[in-house]
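Asker: what follows is a protein structure lacking sequence information:
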């Protein structure tokens, strides 16, 4: 049987991003029979509807990776009570042109890390609203909100908080179940 392919999308460009580190931890925790590959958003230009019919190469590659995946795992930071501009921009590109969305019916899960107490809760809820309009079935529970993220990761970037590791493992198991 082929492995279930999960695409991990981090909504941050920052080096040392806690959300990127959370996805690296998820790669270690993915259930047997599945694999988690990460994609970077750094090369995706700002969305411009005037260019969507001749999409930039980076966008075409991003859409290809989404279409090849069996499921999506988003890791979002929280910027001003919402998702980052870079994540929203990438989501918009992959939904275009109208009628050719790469997201439709793609199972998804959401998690996030933040240096604040709420662990990107507001951004995650906003992202869930976006996923509704994209027709993406989404794992509802467990919610993975890594608050005070600096205390959850070691100096080497490894996620050291055992309850959070277990929570991510449960989220991945639910995503695999939804995708199957």
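Answerer: Nice, I can see it. Because the structure is a prediction, the values reported are computed rather than measured.

Asker: state the mean pLDDT of the helix ranked longest in the chain.
Answerer: Using DSSP state H, we find that the single longest helix of the chain is helix 162-179. Averaging pLDDT along helix 162-179 gives 97.

Asker: now for it, which elements pack on it?
Answerer: Applying 3 or more CB pairs under 8 Å, 6 or more residues apart in numbering; DSSP states H and E, one finds that helix 162-179 contacts strand 4-10, helix 18-29, strand 34-39, strand 71-75, strand 108-113, strand 144-146. In short, each C-beta sits where N, CA and C put it, glycine included.

Asker: at 6 Å instead, please
Answerer: With contacts defined as 3 or more CB pairs under 6 Å, 6 or more residues apart in numbering; DSSP states H and E, the packing partners of helix 162-179 are helix 18-29, strand 144-146.

Asker: neighbours around residue 115, how many?
Answerer: Residues near residue 115, counting by other CB atoms under 10 Å, number 15.

Asker: so which of the helices and strands packed on helix 162-179 is the most packed in?
Answerer: Of all those, strand 144-146 carries the top mean neighbour count, a mean of 24, counting by mean count of other CB atoms under 10 Å.

Asker: okay, now the sheet partners of it, with direction.
Answerer: Its sheet considered, strand 144-146 pairs with strand 108-113 (parallel) by DSSP bridges.
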